[in-house]
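Asker: Below: sequence and its predicted model.
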Amino acid sequence: MGTSWRFRLSMVGAAAGFLVVAMVIRALDDGAVAQHSGTLLYGSMVYVAVLFVAPRLGPVRAGVIATAFCWLVEVAQLTGVPAALSARSLLARLVLGVRFDPVDLAWYPVGVLPLVAVPWLLTRLAQRRMTRSGLRPGGSDARG
C-alpha cells in the first residue's frame, strides 16, 4: 500500500473522528453549541475530503477550497434547492443542509484554519531545526 493510500485512509479516519465528535456533541447538547460545533466540524470534514480527493494539495490551498465549498453550499441554501433535496434524502440533508444561516459563514473557517495551521507550523519548526543543525532541507550538510 503506497503512501498516498495511507494518507487517504488517514483522511477517512479524520473525517470519521470529526463525525463522531459532532454526533457526541449533538447527543449532549441541542442548542447553540451543537449548532456551531456541527458547522465548524462540517468545515473540518470538507477539508479532509478535499485532501482525500487531491492529496498533493498544500494545506493552504486545501483550506481555501474547503472554505469556498462550504460557503457555496451555505449560499445555495438561499435558493431552496438544498431544502427540497434534504426533504427527500438524509444524505442530502447532511451534505447540503436546509436553511441559510449567515453565522455559519463565519464558523466554517474556524473548522478549517486549525487544520491548515498545524501542518504549516510543523513544517516551519522542522525547517528551523534543520537550519540550526546546519543541514539543508535536502539532507546535505550546509558546510560542504
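Answerer: Received, thanks. Numbering: from 1, shown residues only.
Asker: rest of the way, CA atoms for contacts and neighbours
Answerer: Noted.
Asker: Please list all residues in contact with Tyr108.
Answerer: Thr39, Leu40, Leu41, Tyr42, Gly43, Ser44, Thr67, Cys70, Trp71 (CA atoms under 8 Å, 6 or more residues apart in numbering).
Asker: let's go with 7 Å and repeat that
Answerer: By CA atoms under 7 Å, 6 or more residues apart in numbering, Tyr108 lies in contact with Thr39, Leu40, Gly43, Thr67, Cys70.
Asker: Looking at these, which are in helices?
Answerer: Counted as lying in helices by DSSP state H, out of those, are Thr39, Leu40, Gly43, Thr67, Cys70.
Asker: Kindly list the longest helix within the chain.
Answerer: In the chain, taking DSSP H as the definition, the longest helix is helix 102-132.
Asker: ok, and for that helix, which residues are buried?
Answerer: For helix 102-132, a neighbour-count test (16 or more other CA atoms under 10 Å) marks Asp104, Leu105, Trp107, Tyr108, Pro109, Val110, Gly111, Val112, Leu113, Leu115, Val116, Met130 as buried.
Asker: and of those, the nearest to Ala84?
Answerer: Ala84 lies nearest to Asp104 out of the buried residues of helix 102-132, by CA to CA, at 19.8 Å.
Asker: which residue packs closest to the closest one, ignoring adjacent ones?
Answerer: Nearest residue to Asp104, sequence neighbours excluded (CA to CA, 6 or more residues apart in numbering): Thr39, at 6.3 Å.
Asker: give me every residue that touches the one you found.
Answerer: Asp104, Trp107, Tyr108.
Asker: Thank you, goodbye.
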